[in-house]
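Enquirer: structure here, sequence nowhere to be found:
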């Protein structure tokens with residue numbers, strides 16, 4: 001197996017326009033590469049660029065009205081990278097734009113356009129060092145190993161933050177120096193539409209990481225207009241630790257709390273209220289989510305109250321059900337030849353202000369450590 005280079009760290013500061021343009025300049029090659037690949041992929045699936053532009057303009061309108069600072073930052077990212085705003089919006093709002101573009105896709109093709117992921121939190125009372133551990137496997141297109149970065153934002157008007165993200169995106173998995181961390185997992189319900197354009201998931205996650213307090217981080221999700229469903233685990237490393245799993249749809253939020261100090265989630269709804277109310281299309285399209293969730297929890301539970309990041313590493317390396325395991329390898333698993341893989345394993349210790357990333361963990365390689 002070949003090895004892979006860890007994602008570069010990009011650090012920016014200043015007002016939204018200044019840091020956005022600096023980000024775009026620093027990541028211009030990765031941004032252009034990512035945009036080109038999405039354009040090629042979407043064209044092959046019958047999505048016209050006119051449809052993407054139209055959907056992007058609706059996203060931009062909602063962003064300008066509800067999140068003007070983040071809207072200005074994205075405009076600046078596009079300017080710095082020498083691309084159109086639509087290109088940057090596609091990276092940030094892939095799921096929303098595809099929904100709006102009304103693509104006529106088979107279920108497996110639709111699944112291939114949305115990221116999977118298995119995420120977990122161990123509360124301080126379950127860890128060997130008494131510090132909260134928050135991590136995930138991010139499952140998406142394997143070529144994204146070349147278009148991701150670790151972005152550090154130094155802010156004068158709020159906490160500094162670090163996020164592992166596709167170049168040009170505002171946030172994916174990350175934490176801030178107030179001790180707040182977030183991971184995201186794809187969810188899908190029947191009946192999602194473009195009736196009420198929301199804001200991109202990456203912007204919602206960025207709002208969480210810009211929050212100075214844990215209540216404000218949770219409220220950032222509740223207050224944001226949403227177009228698609230998504231699962232977000234939001235943790236807090238201080239004061240003994242806290243964590244909630246928010247299963248969000250465009251209209252509602254269902255929630256889960258740690259069970260015996262563990263919180264684990266894959267790509268299906270777990271809260272009893274959601275299971276009784278929604279048609280879980282993510283579950284219907286990918287039943288492997290059931291055992292991915294279960295196997296990570298079982299492995300972490302085995303460590304008792306001495307869980308370490310090494311236990312997370314082993315849990316996220318579980319290959320049961322290959323190639324559709326917790327650790328996913330880029331092997332075609334359906335008739336349409338759609339391929340997804342674990343692009344990265346991300347482990348965060350917000351108390352220590354560190355993130356460890358293993359890019360394409362199905363290949364040979366080691367974890368790279370980043371410090372905020």
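Expert: Right, received. Where do you want to start? These numbers were taken from a predicted model, which means no experiment stands behind them.

Enquirer: going forward, measure contacts between C-alpha atoms and count neighbours the same way
Expert: Fine.

Enquirer: please give me every residue in contact with residue 369.
Expert: 354-357 (C-alpha atoms under 8 Å, 6 or more residues apart in numbering).

Enquirer: so residue 326: helix, strand or coil?
Expert: What DSSP: H, G, I helix; E, B strand; the rest coil gives for residue 326 is coil.

Enquirer: surely it touches residue 292?
Expert: Yes: using C-alpha atoms under 8 Å, residue 326 is in contact with residue 292, at 5.2 Å.

Enquirer: which neighbours do the two share?
Expert: residue 118.

Enquirer: quick one: which of the two has more around it?
Expert: Remark: of residue 326 and residue 292, residue 326 carries more neighbours, 32 against 27, as counted by other C-alpha atoms under 10 Å.

Enquirer: list the contacts for that one?
Expert: 117-118, 137, 292, 296, 315-320.

Enquirer: list the contacts for residue 196?
Expert: 226-227.

Enquirer: assumed it was part of a strand.
Expert: No: according to three-state DSSP, residue 196 belongs to no strand; its state is coil.

Enquirer: ok, back up a step: so which of the contacts of residue 369 sit within strands?
Expert: Of the contacts of residue 369, the ones assigned to strands by DSSP state E are 354-357.

Enquirer: circling back to that earlier point, nearest to residue 21 among the contacts of residue 369?
Expert: Checking these against residue 21 with C-alpha to C-alpha, the nearest one is residue 355 at 24.6 Å.

Enquirer: so the closest one sits right up against residue 309, yeah?
Expert: No: between residue 355 and residue 309 there is no contact under C-alpha under 8 Å: 11.0 Å.

Enquirer: show me where pLDDT drops low in this structure?
Expert: 1-2, 99-115, 332-339 (pLDDT under 70).

Enquirer: for it, just list every one of the helices.
Expert: Here the chain has its helices, by DSSP state H, at 16-26, 28-44, 49-66, 68-81, 85-92, 94-101, 107-112, 201-209, 214-223, 272-277, 281-285, 288-301, 309-316.

Enquirer: closest one to residue 330 among the ones you listed?
Expert: helix 107-112 (11.9 Å).

Enquirer: which residues does residue 315 contact?
Expert: With C-alpha under 8 Å, 6+ apart, residue 315 has these contacts: 295-296, 299-300, 326.

Enquirer: how close does it sit to residue 303?
Expert: As judged by C-alpha to C-alpha, to the nearest Å, residue 315 and residue 303 stand 11 Å apart.

Enquirer: ok, residue 64 next?
Expert: 47 Å.

Enquirer: do residue 118 as well
Expert: 19 Å.

Enquirer: of the two, who's got more company?
Expert: residue 118 (27 against 14).

Enquirer: excluding its backbone neighbours, what's nearest that one?
Expert: Closest residue to residue 118 apart from its sequence neighbours, by C-alpha to C-alpha, 6 or more residues apart in numbering: residue 266 at 4.4 Å.

Enquirer: does that neighbour really touch residue 183, like I thought?
Expert: No: at 11.0 Å, residue 266 and residue 183 do not qualify as touching, with contact defined as C-alpha under 8 Å.

Enquirer: need the overlap of contacts for those two.
Expert: With C-alpha under 8 Å, 6+ apart, residue 266 and residue 183 have common neighbours residue 119.

Enquirer: run a quick neighbour tally on the residue nearest to residue 145 when sequence neighbours are not counted.
Expert: With C-alpha to C-alpha, 6+ apart as the criterion, residue 145 has its nearest non-adjacent residue at 5.9 Å, and that residue is residue 343. The tally of other residues near residue 343 (other C-alpha under 10 Å) stands at 27.

Enquirer: show me what the residue nearest to residue 136 when sequence neighbours are not counted bridges to in the sheet.
Expert: Spatial nearest neighbour of residue 136, chain neighbours left out: residue 119 (4.0 Å); criterion: C-alpha to C-alpha, 6+ apart. With DSSP bridges as the criterion, residue 119 is bridged to residue 136, residue 265.

Enquirer: ok, residue 119 touching residue 245?
Expert: No: look at residue 119 against residue 245 with C-alpha under 8 Å: they stay out of range, at 10.1 Å.

Enquirer: more neighbours, the two?
Expert: Neighbours per residue (other C-alpha under 10 Å) separate residue 119 from residue 245, with residue 119 holding more: 32 against 27.

Enquirer: quick one on the thing from earlier: which of the contacts of residue 315 sit farthest apart?
Expert: 300 and 326, at 13.4 Å, using C-alpha to C-alpha across the contacts of residue 315.

Enquirer: hmm, back to that, got any residues that touch both of residue 355 and residue 309?
Expert: residue 347.

Enquirer: which one's more surrounded, the two?
Expert: Of the pair residue 355 and residue 309, residue 355 is the one with more neighbours under other C-alpha under 10 Å, namely 25 against 19.

Enquirer: so how far is residue 331 from the residue nearest to residue 246 when sequence neighbours are not counted?
Expert: Leaving aside its chain neighbours, residue 246 sits nearest to residue 255 (4.6 Å; criterion: C-alpha to C-alpha, 6+ apart). Distance of residue 255 to residue 331, computed by C-alpha to C-alpha: 33 Å.

Enquirer: cool, residue 52 as well?
Expert: In terms of C-alpha to C-alpha, residue 52 sits 28 Å off from residue 331.

Enquirer: thinking again about what came up before, which of residue 255 and residue 331 has more neighbours?
Expert: Remark: of residue 255 and residue 331, residue 255 carries more neighbours, 18 against 14, as counted by other C-alpha under 10 Å.

Enquirer: contacts only, for that one.
Expert: The contact partners of residue 255, taken as C-alpha under 8 Å, 6+ apart, are 244-247, 271.

Enquirer: any idea how far it is from residue 271?
Expert: Taking C-alpha to C-alpha, one finds residue 255 at 6 Å from residue 271.

Enquirer: I'm done for today, thanks for sticking with me.
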